[in-house]
Structures are given as structure tokens and as C-alpha cells.
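Student: Provide a 3D model corresponding to the input given below.
(2 chains)
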Amino acid sequence: MRTLLFLLLLLSSQVYGVTPPVEIDTGISADECGLCGMPIRDLRFSALVVYPTGEVLKVDDLGEVFDRSGEALRSGAEIMVVDYYTREWLKAEDALFVKGGNILTPMGYNIVAFCCDENARRFLEERGGVLFTFTELLSAELEPGRMMMPGIPDSLFLGGIIVLLLVTFGVVEYLEGRRGRGGDYWKYDLLGFRVIAGILRSRKFQFAVQLPFVLLFFLIIAAGLFGVQEPERNIATVLTWIIWWAVIVFVVLVAGKVWCTVCPWNAISDWLRRRSFWRRVPDEKLFTLNLRWPKKLKNIYLATVLFLVLTWLELGFGVTTSPMATAYLGLLILAMAIVPAVLFEGKPFCRYACLVGRISGLYSMIAPLELRSRSKKLCQSCRTKDCHRGNERGYPCPTFERLDTMDANTYCILCTECIKSCRRSNVALNLRTFAVDLLRLRRPRKDEAYLSLVMLSMTSFHGVTMTPQWFFWIVKLQEVLGVGYYATFTLLMVAVLLVFPAAYYLICWLSRIFSGSSVSVGKIFISYAYPILPIALFYHLAHNAMHFFREAPKILPVLSDPFGWGWNLLGTAKIAAEPLLSISTIWYLQVILIVAGHVISILIASRVARMTFQDRRQAFRSLIPQLVVLVGYSVVSLWLIAQPMVMRTAM
Amino acid sequence: MKHLLLLLLILFSPVAAHMPAGYKLKLSTEVGGYSVRIVVFPAEPRVNRTSEIIVGVVKMETSEPFEGEVWINGSPARRFSLAFYEQNLTFARAGRHEVPIELRTEKENFTTTVSVTAVEERDSPLVLPLLLFTAVGAVIVAVWYLRRRRT
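Tutor: Coordinates of the predicted model:
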């Protein structure tokens, strides 16, 4: 009986290769799925439902059709699917299906169709799964899983590469044709407005802007600990990972270190240390032992390590999908902020260890906002150094900066204490041109160079871990290595961390050979690490753009029901808000961001070359390997956004 | 004395907060003349980083060897012997769920349904926060003591 059934199946499965009534466009103006509204980007997982009326429904994941097949079949509709290998259209009733293999389909049903037994068996061998006939699939229990956001179409990917190459040559040609301008840059002092200066000098101002963020922080902790442990229904995960984690990079690009001004970890530790919300407490009454921070830790390696730990927790452990783990992480960072604040002088956590502050610190070198002295000469003549030591009006700089020497945003946390304490009103909050700190790089540092490389490698690694290919290869690798998921993930992460700096060191060695100069490879390595920051930042922005503009409306239901307990406080609990931007707009935005980051990188690399090498020819020759690397990184960034992105939570 | 009490409170608060959650369901029922003992254990709540929640494992023991297939919750259970079966229970949401249990033989199918309340298995959420609170509290008490001694 089984053999007969198999033969019948085999015979029926040979009837394939039918012509569909309509074509599905998977290009830049991709057709939208008639069931979920997502663009159809991969024909292999798609399906058509042809109704007797002639109406045709295009679907991005054939599993969705079977999940709702009763409705389609009752109306006498015909279902058409595509063979995974040959990409030929078939009648679904003639096809064979494999479900649950090592593959990810757009809506996570993970079902693929085959014209014949041979193809189905090939897939089973390659990726596993369970074989289903049409009838079996109709009665199977189906549930969607992880959703995939489609990547940019091939045409935009190839167009982006052409633009990258053109702007590379264009910018280099332009820069070579003109002399570098090392002089002043455009800036506009916002403290020139009395109102702004008055607000920033008020001691109650910072408390007023910190308080809402502290309250939100406690809401996140409470929801994470006591709310429903489903990431898309709990405000802890939605607000932290979909809103804050995505938006903070945009905030840094526009307003530099403004996050530190409102940071709840900083605020709570400050309040505890001062035992006051806004009053200026005399230094001797501060609740701290005022110990000196260990000399060996006066660098940002600690922040680099913590950033790697967070990356592991985010990508490996999946803290982004666990409200409770999110709350634990928030509390852990709070503890890490409080303990150094009560033991040591100043705020060493903010200066040396805060992973958010240090990452945003390096990124903020690109930002068009800076806090500086109005006149360096006046600062240098100042004997009291109130900005650094503090006085009765303002606390000492918590990150040990001095306005007479400060030439980058990196370590300023915009606490506004120096604005309050400077007796000569010599502090300016300037709007300025982008990336000034990088273009006028004065003191490259080894620890910052390493963090730049770690940031670039981890942002790329982050992108890779969200592609469907990753899910396939991580399983294969586990089988080969014979170890579990966490061990495999950790090994891969360590490999990426070793390979990136090593490859970059090799490139710097090539730069030295090309230049023919005696500048050490170490110095080239440190200096040229800065131009890769814009590539990391703008790829980060491009990646987060997809998260934010598609997923941000998820905040509306959880605002009404932050714990997932069925509340409807604001009447938005049941709202199914539309994404903020259409997916094709986001695709264009992503490509523009990557090209913009690339252009800024080349400008900075060119400036770094001239600062590192005295001879102009040597500088240009040293730049050649770096340009190849920068183009390579940008192409990799484009490739990453061209891949479908597996979302963290179900939509 | 006041400070000593505060210190003790800080130090012992995690112990007070440790209130293990979770559930264990045990019941005996009758299916087609077989006496069946069912135990539902809580299992790992987070699987493959999705929002799917595995709420438990059903372990089933029949009173006498049963030659057939046991289906639990709509799919065949893993067989460890002719009397012991096991099946994962997977639900997308916490709440009360009816779990069908079928004993299938070539001649006849016997069916019963057990009601399982699916909860998210986890330890008390306050253990780690209060451990942190204790650690930070201990540092604060130490700082307070040292500052007092200095003055």
C-alpha cells in the first residue's frame, strides 16, 4: 500500500512546471504579500492563491497559505508554489513539501516546496526536516516563527557599489587637488542665547531632564522582573532594545553625548554620592572615599571588555529577547556605576568603563555638537581651573577633563558643570561641522584605536548573526565541532576579534611598505583606526534604521500595557500601528547612510595620512591600502544590508 | 543598633526573596482500561531565542505494558519502554490548556484529556536584584563606616 502511494506520489509529482497567471516582482519595487504586507523578496518561499473569480493573491511565505488554507480552499481557490531548486511554478497539490529543516523563510513557517521526490530528498539530506504531502500539510498544525525583513534588492546593492567606487575616486581626486586646511572650522555658540545659557546654568535643569529617564528606567526594571516574559509584549525589551538601543546611535550622530546628560545610571549614582538632587554639596561632604582610580586602569580597555560582554549577551545569549535578563542587565550596570562613584574621586565609571559612554564617545567625534572653551588663551591664563577642580557653583569635571586641553567630545559627558563653574563665562556649546574631532585628530590613542576596531568588527558580526545563512552555518559548525551553541558562538566571536585586528595590522604594514617611510607600523595602526569609525557608525545607523522605522510602533501597545498584563491605560493596547517608513524608503536611506559614512571615512583617512606622514607623496602612497580596505568594508556593509534580516521579535 | 539592623536586613534580603516559582502537575487517570500516571515537569522556558515557551515535559507511565502508539498533545510521544513515554509540551502563551492523550492500537484508539496550567518557569525575579542590592549595600555601609572613622 505504501509503495503504491509512493508511486502515485512520484507520478503526480512529475506533473510540474505550470505557468503562473501573474509574475511576482522581487526587485526594487517588490510586490507586497497579500496576507502580511511585507515585500516579496525570495521567490523560492512564495506562493500564489488563484481564486475562481480570477483574483490572485501573492504571498511571501507559502506556510502562511497553508496556515489559512481552509479559507482559500473553501472558496475553490488553487494554490501555486515554487520548487526550491528549479524555481518553477507548481500546483501545490502536485508538490512535495519539507517543513522544519535548517532554513528560515520570511514568516518563519520554514516550509519549502519541491516538484519531485529527488529534489525533496536532496533538501532533506542537506538541511533536514520532515517530508509532507499536500494533504498532510493541510491538516498539520502550523505556527509562524521568526520573521525576516528583506534586504536591499540586488539593483540597489550593485548601484551602491558603483556609487562607492565613484565617490572614492572623486573624493581622493578632489582632496589631492587642494591643500589641507588645518585652521578654524565653522561653529555657532548656543550659549550666546541667554535663555539657553540660563537653563544650562541652573542646578535644577539636569535633575529635571534626568528624572523622566530615571522613572522610565525603574519602569523597565519593574516590567522586566514582574511582567510577562514575552519580548514583544513587555516594555522592558521593546523600550530598551527596539527604541533606545536603535535611537541612541541616531542621537549620537545628531547631538553627541547628550545621552550622558540624561543617563539614569549616572543620575542615580550622582544623587547617591551627593545625597541631594540638585544642590551643590561641598566636596568634603560628598558620600565617597575619594580614592584614586588605579593608574593601570586609566584607559578604556575595561569599557572595551564590557562592550564585548554586552555583545555576547545580546547576540549569543539573547538578552534582547528576555525582559528579565534586560532588567538584570540594567541593574548590573547601575551597580557598576554606583560602586566606583562611592569609592573613587570623580566618575571613573563614566570615564573609563561605561560601555555606552565610550562607544558613544568615539562616535560623538563625528557629531555636530561640542562643548569647548570660547577662548583657549583665556583658559590657559586661568589659574583656578574651576572647570576641572570645581567651585561653589559647580562640581569638578566628573571625567577629569580640562577645557584648556580638551579637543574632542570623547570623554565629555555634557554634565554642564563647567558651564556653571566657569567664572569667565568662557564655555561654549557649539553647533559645528560634522566630524571635526576626527579631521583635526590631535592625540590618537592605542586604547581608542583598539575600541574602534572592536566596534567595526562587532557591528559587522552583529549584522552577520541576523542573516538566515548564519542560522544554517552555526548549526553546521556545532555538528563539526561537536560542541553546543554557546561554545560555537563564543569561538566564532573570538575568531572575529582576532582576525579583524590582525588583518588590519597587515594592511597597516602594507601602508608602511607603500609609503617607503620610517613611520612605525604601530603608529600607522593607531592613526588609521580612526577613519574606520564613520563606517562603523553609519553601518550601525543603516542597520538600526530597519529596526527602528519598522519596529518602533510596537511601543504603542506596550505603553498602554507595559507589563503585558492586559491593561489598556492609554487605549493603545490593541493598536496595530503601521511602520514609520515604507521598506523601499528604508532601503534607500540605508544605502545613503553607508555611502555617507564611506565619504567621511575617506576624508578622515586622507587627513590622517597627511598628519602621520610629512611627505605628501608618502602620505598618498600609504593611503592606497587603506582606501582598498575602506571600500572593502563599505561593500561588506552593503552586502550585509542586502541580506534578509531575521528580526529579534515576532511582529 | 539602627545601622546594624539595616545591615542585617541588607544581608538577608536575598534569602527572604528566594521563593522558587514553577509548577509540577501529577495526576492519575484511566485511559481505555489502562491506569495512567502523568507527571508534568517544568522545562527550559527559553528555546531558540524565540518567544515560544516550552512549558513542560509530560512523563507518562501506564500500569501495564502497552503495545501501541502513545500520542500526547497531537504528536507521538517518545517511548522509553513499553510503559514509559515522554513528550514536550509547547505552548505559545501561558494559561490553561487541554492536552489530549491518546493510546492508539491497531484495533482501537483510547483518548482522554488532561488540563495543564502553563506557567513560565522561572526563579523568583528578585533573587539577583537583591544580591546586587546586598553587594552595593555592603559597599555603601563600608564607605559610610570608613568615612565616619576618618572624621
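Student: pretty sure residue A:357 contacts residue A:303?
Tutor: Yes. Using Cβ atoms under 8 Å, residue A:357 is in contact with residue A:303, at 7.4 Å. Where you see a C-beta, it was placed from the backbone N, CA and C, and this is true even at glycine.
Student: distance-wise, check residue A:341 relative to chain B.
Tutor: Counting by Cβ to the nearest Cβ, to the nearest Å, the separation of residue A:341 from chain B is 10 Å.
Student: and that residue, how many residues sit next to it?
Tutor: Neighbours of residue A:341 under the rule other Cβ atoms under 10 Å in any protein chain shown: 27.
Student: and residue A:425, what does it touch?
Tutor: Contact partners of residue A:425, counting by Cβ atoms under 8 Å, 6 or more residues apart in numbering or on different chains, are A:191, A:197, A:374.
Student: quick one: which of these sit in helices?
Tutor: residue A:197 (DSSP state H).
Student: export the contacts of residue A:425 to TSV and tack on distance to residue B:110, neighbour count and pLDDT?
Tutor: Formatted as TSV, the contacts of residue A:425 follow (distance: Cβ to Cβ, whole Å; neighbours: other Cβ atoms under 10 Å in any protein chain shown; pLDDT from 0 to 100):
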residue	distance to residue B:110	neighbour count	pLDDT
A:191	82	18	95
A:197	83	17	95
A:374	88	17	94
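Student: now do the helices in the stretch 151-300 of chain A.
Tutor: Assigned by DSSP state H, counting those that start in this stretch, the stretch 151-300 of chain A shows helices spanning A:154-176, A:194-201, A:203-226, A:235-237, A:245-255, A:258-262, A:264-274.
Student: compare those helices and say which comes out lowest on pLDDT.
Tutor: Ranked by mean pLDDT, the helices of the stretch 151-300 of chain A bottom out at helix A:154-176, which scores a mean of 88.
Student: from the contact counts, what lies against it?
Tutor: Here helix A:154-176 touches helix A:583-612, helix A:616-642, going by 3 or more Cβ pairs under 8 Å, 6 or more residues apart in numbering or on different chains; DSSP states H and E.
Student: can I get that helix in PDB, CA atoms only?
Tutor: Below are the C-alpha coordinates for helix A:154-176, written out as PDB (Å, rounded to 0.1, in the frame of the first residue of the first chain):
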ATOM      1  CA  ASP A 154      20.300  43.400  -6.000                       C
ATOM      2  CA  SER A 155      19.900  46.500  -8.200                       C
ATOM      3  CA  LEU A 156      20.400  48.800  -5.200                       C
ATOM      4  CA  PHE A 157      23.300  46.700  -3.900                       C
ATOM      5  CA  LEU A 158      25.100  46.900  -7.200                       C
ATOM      6  CA  GLY A 159      24.200  50.600  -7.700                       C
ATOM      7  CA  GLY A 160      25.600  51.200  -4.200                       C
ATOM      8  CA  ILE A 161      28.900  49.600  -5.000                       C
ATOM      9  CA  ILE A 162      29.200  51.700  -8.200                       C
ATOM     10  CA  VAL A 163      28.500  54.900  -6.200                       C
ATOM     11  CA  LEU A 164      31.000  53.800  -3.500                       C
ATOM     12  CA  LEU A 165      33.800  53.400  -6.200                       C
ATOM     13  CA  LEU A 166      32.900  56.600  -7.900                       C
ATOM     14  CA  VAL A 167      32.900  58.700  -4.700                       C
ATOM     15  CA  THR A 168      36.100  57.100  -3.600                       C
ATOM     16  CA  PHE A 169      37.900  58.200  -6.700                       C
ATOM     17  CA  GLY A 170      36.100  61.600  -6.800                       C
ATOM     18  CA  VAL A 171      36.900  62.400  -3.200                       C
ATOM     19  CA  VAL A 172      40.500  61.400  -3.400                       C
ATOM     20  CA  GLU A 173      41.000  63.300  -6.700                       C
ATOM     21  CA  TYR A 174      39.400  66.400  -5.000                       C
ATOM     22  CA  LEU A 175      41.500  66.100  -1.900                       C
ATOM     23  CA  GLU A 176      44.700  65.700  -3.900                       C
END
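Student: what are the buried residues along it?
Tutor: Neighbour counts using 16 or more other Cβ atoms under 10 Å in any protein chain shown place A:156, A:157, A:160, A:163, A:164, A:167, A:168, A:171, A:172, A:175 of helix A:154-176 among the buried residues.
Student: tell me the angle it makes with helix A:583-612.
Tutor: 30 degrees (axes from the mean of the first three to the mean of the last three Cα atoms, to 10 degrees).
Student: give me the angle between helix A:154-176 and helix A:616-642.
Tutor: Using the same axes, to 10 degrees: helix A:154-176 against helix A:616-642 is 160 degrees.
Student: chain center to stretch A:513-531: distance?
Tutor: Centroid separation for stretch A:513-531 versus its chain: 29 Å, with Cα atoms, centre = their mean, to the nearest Å.
Student: equivalent analysis for stretch A:112-131, please.
Tutor: For stretch A:112-131 - counting by Cα atoms, centre = their mean - the centre lies 36 Å from the chain centre.
Student: buried set for it?
Tutor: Going by neighbour count (16+ other Cβ under 10 Å), the buried part of stretch A:112-131 is A:112, A:113, A:114, A:115, A:116, A:119, A:120, A:123, A:127, A:129, A:131.
Student: where does the fourth one land on pLDDT?
Tutor: So the one you mean is residue A:115. 90.
Student: lowest confidence element among the helices and strands of chain B?
Tutor: Scoring the helices and strands of chain B by mean pLDDT, DSSP states H and E places helix B:2-17 at the bottom, with a mean of 55.
Student: so for the longest helix along chain B, mean pLDDT?
Tutor: What stands out as the longest helix in chain B, according to DSSP H, is helix B:127-150. In this model, helix B:127-150 carries a mean pLDDT of 87.
Student: what's the domain layout of chain A?
Tutor: With domains defined by automatic domain parsing, chain A comprises A:2-145, A:146-176+A:443-651.
Student: neighbours around the residue nearest to residue A:578 when sequence neighbours are not counted, how many?
Tutor: Computed as Cβ to Cβ, 6 or more residues apart in numbering or on different chains, the closest residue to residue A:578 that is not its neighbour in sequence is residue A:553, at 6.6 Å. Other residues near residue A:553 come to 17 when the count uses other Cβ under 10 Å.
Student: how far away is residue A:553 from chain B?
Tutor: 18 Å.
Student: what stretches of chain A score poorly on pLDDT?
Tutor: Scanning chain A with the threshold set as pLDDT under 70 gives A:1-17, A:28, A:69-74, A:143-146, A:176-183, A:647-651.
Student: residue closest to the middle of it?
Tutor: Against the mean C-alpha coordinate of chain A, by Cα atoms, centre = their mean, the closest residue is residue A:540 at 4.1 Å.
Student: contact partners for the closest residue to residue A:602 other than its chain neighbours?
Tutor: Setting aside the residues directly before and after it, residue A:602 is nearest to residue A:171 in space (Cβ to Cβ, 6+ apart), at 4.8 Å. Residue A:171 makes contact with A:599, A:602, A:603, A:606 under the criterion Cβ under 8 Å, 6+ apart.
Student: export those residues to CSV and tack on neighbour count?
Tutor: Shown next, in CSV, are those (neighbours: other Cβ atoms under 10 Å in any protein chain shown):
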residue, neighbour count
A:599, 19
A:602, 28
A:603, 20
A:606, 23
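Student: contact partners for residue 129?
Tutor: As the question left the chain open, I've gone with chain A. Counting by Cβ under 8 Å, 6+ apart, the residues that residue A:129 touches are A:98, A:99, A:100, A:101, A:102, A:103, A:110, A:123.
Student: not what I meant, chain B
Tutor: Taking Cβ under 8 Å, 6+ apart as the test, what residue B:129 contacts is A:221, A:225, A:327, A:328, A:331.
Student: again, only using 7 Å
Tutor: By Cβ atoms under 7 Å, 6 or more residues apart in numbering or on different chains, residue B:129 lies in contact with A:225, A:331.
Student: what is the neighbour count of residue A:292?
Tutor: Based on other Cβ under 10 Å, the number of other residues close to residue A:292 is 10.
Student: residues touching it, list them.
Tutor: Residue A:292 touches residue A:345, counting by Cβ under 7 Å, 6+ apart.
Student: for residue A:519, find the nearest of the helices of the stretch 151-300 of chain A.
Tutor: helix A:154-176 (19.9 Å; Cβ to Cβ).
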